[in-house]
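*Asks:* sequence unavailable; structure follows:
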Ligand SMILES: NC(=O)C[C@H](N)C(=O)O
């Protein structure tokens, strides 16, 4: 049979159901691929070979017993290392959690297991999801399969790179300010940030609790939708979980036109500071939306311009509180516990040794923004801006069904290029942050290769709260039209590894 790592997730599941291949064969093919290429990519931090093979065998046994298999049963998946998986190392890309094996599964992980997905291992990420390049991982950077001198995006660069290098057909990411969508954009893959509350955060190690959201990553729109419907849905273990039916994402992912849909191009997200090739592919994508039947208008969201500033007060503030629990007493690393230091000293020494520079920077910014006398001027002000951004969305969605922009201002930059310039790094999330602040659904879909450097460009689509299906409708129609234009999916143009 042709190389099993080249199939879509939907097709693999079909082949397993029909008995043309087995879940064990599929898992083995992906583990072989990882063994062949991951020394050059470094997408994975940890492989769970025994666990993966055991799940695959269970799926094959069920199939042999004539049990009906779910739509993704037996399909391999790469899990971002920020989700707790029982007895499997979970580091969040940080030294401070080295050696920690969670005693429980995140709800997302439990749902994946129940649906028979084969979790291959944990993927690399910026430490505690703070970054846009995966260079802030304590375990070394991940490389972009399109050009291994470049970043695969962040913080979920391990997940996006595993897809683009055919090491896994599906992955899970988390998105606080763009960590699913920006890696998707720069690797030519699909990344969806569901509505906040649409996917449970139980067992997702918290960075900024009011912004964090787990979501599906895939090489095509239908696969992302199938994965979305596995992980989404109400969870009593997450107090912010929305008790409503999951939007009909799988049906929407089979759309071929956009007739009757109103699309708004966000005036403030583009132009100055955007790479010309990114702008060009974005404009072409907008023309394509009209060709597919959508009515396209320009929409102004004046407060989006302040999104980045508000995010870099709110996210560090929440992080400074959330990360207080990593003190050497409860999890992972403990430094200075030699009988000569007080408990407080052990906490300080552990945090000094266990956290990287970016995490420390954010803890300091957040602590400052929340401190007495500054709270109103910084954190309080940022929360007001957050409300204004939500109102921009509300007003826009009175006129249009979805909003669009480029996903990121540039294509994948070079490893090392922005490590000494945090602001340049933060700007990668200029277009993605507003949706985290407002909590609405949004996604990045491949929109072709930039004519100036031949690297992938993403089309960013934003939909109202719990209207995630609209993202998939746009994504599916665009994907079908572009494949027809090129005669193949975008990743076929990626260099062989
Ligand atoms: N976590 C995210 O969504 C990534 C964002 N670039 C950040 O550094 O906060």
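*Replies:* Alright, I've got the coordinates. Owing to the predicted nature of the structure, the values given are computational and were not obtained by experimental measurement. Residues are numbered from 1 along each chain as shown.
*Asks:* which bits of the stretch 251-400 of the chain sit near the ligand?
*Replies:* residue 315 (Cβ under 6 Å from any ligand atom). Any C-beta I mention is one placed from the backbone N, CA and C, and that applies to glycine too.
*Asks:* which residue sits closest to the residue of the stretch 251-400 of the chain found nearest the ligand in space, ignoring its chain neighbours?
*Replies:* Taking Cβ to the nearest ligand atom, the ligand has its nearest neighbour within the stretch 251-400 of the chain at residue 315, 5.5 Å off. Once flanking residues are discounted, residue 315 sits nearest to residue 208: 4.1 Å by Cβ to Cβ, 6 or more residues apart in numbering.
*Asks:* that neighbour is in contact with residue 320, isn't it?
*Replies:* No: between residue 208 and residue 320 there is no contact under Cβ atoms under 8 Å: 10.0 Å.
*Asks:* which one of these two is surrounded by more residues?
*Replies:* residue 208 (23 against 19; other Cβ atoms under 10 Å).
*Asks:* for that one, list the residues it contacts.
*Replies:* 176, 314, 315, 318, 319, 322 (Cβ atoms under 8 Å, 6 or more residues apart in numbering).
*Asks:* cool, residue 213 as well?
*Replies:* Taking Cβ under 8 Å, 6+ apart as the test, what residue 213 contacts is 174, 175, 176, 193, 194, 195, 196, 198, 199, 201, 436.
*Asks:* what mean pLDDT would you report for stretch 193-212?
*Replies:* Confidence over stretch 193-212 (mean pLDDT, whole number) is 98.
*Asks:* for that stretch, which positions count as buried?
*Replies:* 193-208, 210-212 (16 or more other Cβ atoms under 10 Å).
*Asks:* write out the residues of the stretch 1-150 of the chain neighbouring the ligand.
*Replies:* The stretch 1-150 of the chain has residues 129, 130, 131, 132 near the ligand, with proximity defined as Cβ under 6 Å from any ligand atom.
*Asks:* not counting sequence-adjacent ones, nearest residue to the first one?
*Replies:* When the adjacent residues along the chain are set aside, residue 129 lies closest to residue 155, with 4.1 Å between them (Cβ to Cβ, 6+ apart).
*Asks:* now the one you found: which helix or strand?
*Replies:* Using DSSP states H and E, residue 155 maps to neither a helix nor a strand.
*Asks:* likewise the one 4 residues further on?
*Replies:* Under the assignment given by DSSP H and E, the secondary-structure element containing residue 159 is helix 157-164.
*Asks:* follow-up on the earlier one: tell me the SS of the residue nearest to residue 315?
*Replies:* With DSSP: H, G, I helix; E, B strand; the rest coil as the basis, residue 208 sits in coil.
*Asks:* where does this structure have its least confident helix or strand?
*Replies:* One helix or strand of the chain scores below all others by mean pLDDT, DSSP states H and E: helix 422-426, with a mean of 93.
*Asks:* so, in contact with the ligand or not, that one?
*Replies:* No: using Cβ under 6 Å from any ligand atom, helix 422-426 stays clear of the ligand, with a minimum separation of 6.8 Å.
*Asks:* for that helix, buried residues please.
*Replies:* For helix 422-426, by 16+ other Cβ under 10 Å, it's 425, 426.
*Asks:* can you spell out which helices and strands pack onto the helix or strand following the helix holding residue 159?
*Replies:* Moving toward the C-terminus from helix 157-164, the next helix or strand (DSSP H and E) is strand 170-174. Counting contacts by 3 or more Cβ pairs under 8 Å, 6 or more residues apart in numbering; DSSP states H and E, strand 170-174 packs against strand 76-80, helix 157-164, strand 214-218, helix 221-231.
*Asks:* need the contact list for residue 397.
*Replies:* 403, 464.
*Asks:* give me the buried positions along the host helix or strand of it.
*Replies:* In this assignment (DSSP H and E), residue 397 forms part of helix 381-399. By neighbour count on 16+ other Cβ under 10 Å, the buried set for helix 381-399 is 381, 382, 383, 385, 386, 388, 389, 390, 392, 393, 396, 397.
*Asks:* stretch 323-340 too?
*Replies:* 323, 326, 327, 328, 331, 332, 333, 334, 335, 336.
*Asks:* any idea how far residue 170 is from residue 224?
*Replies:* Distance, residue 224 to residue 170, by Cβ to Cβ, to the nearest Å: 8 Å.
*Asks:* go on, residue 299?
*Replies:* 33 Å.
*Asks:* okay, the two: which has more neighbours?
*Replies:* Between residue 299 and residue 170, counted using other Cβ under 10 Å, the more crowded position is residue 170 (30 against 20).
*Asks:* neighbours around residue 8, how many?
*Replies:* Residue 8 has 18 neighbouring residues, counting by other Cβ under 10 Å.
*Asks:* thought residue 225 was touching it, still the case?
*Replies:* No: with contact defined as Cβ under 8 Å, residue 8 does not reach residue 225; the gap is 11.7 Å.
*Asks:* touching both of those two, which residues are there?
*Replies:* Here residue 8 and residue 225 share no contacting residue, scored by Cβ under 8 Å, 6+ apart.
*Asks:* now the strands for this protein?
*Replies:* Counting by DSSP state E, the chain has strands at residues 44-47, 76-80, 118-123, 170-174, 190-193, 214-218, 262-266, 295-299, 402-406, 441-449, 456-463.
*Asks:* residues of the second one that come out buried?
*Replies:* This means strand 76-80. Quick answer for strand 76-80 (16+ other Cβ under 10 Å): 76, 77, 78, 79, 80.
*Asks:* picking that back up, my guess is the residue of the stretch 251-400 of the chain closest to the ligand meets residue 362, correct?
*Replies:* Yes: the pair residue 315 / residue 362 is scored as a contact, 7.3 Å apart, by Cβ under 8 Å.
*Asks:* circling back to that earlier point, max pairwise distance over the buried residues of strand 76-80: which two?
*Replies:* Using Cβ to Cβ, those span at most 14.8 Å, a distance reached by 76 and 80.
*Asks:* what pLDDT does the model give residue 2?
*Replies:* Looking at residue 2, the pLDDT reads 80.
*Asks:* contact partners for it?
*Replies:* So residue 2 contacts nothing (Cβ under 8 Å, 6+ apart).
*Asks:* so it versus residue 15, what's the distance?
*Replies:* 11 Å.
*Asks:* quick check, nearest of the buried residues of helix 381-399 to residue 97?
*Replies:* residue 382 (28.1 Å).
*Asks:* burial of the closest residue to the closest one other than its chain neighbours, as a residue count?
*Replies:* Nearest non-adjacent residue to residue 382, counting by Cβ to Cβ, 6+ apart: residue 313, 3.8 Å away. Using other Cβ under 10 Å, residue 313 is surrounded by 23 other residues.
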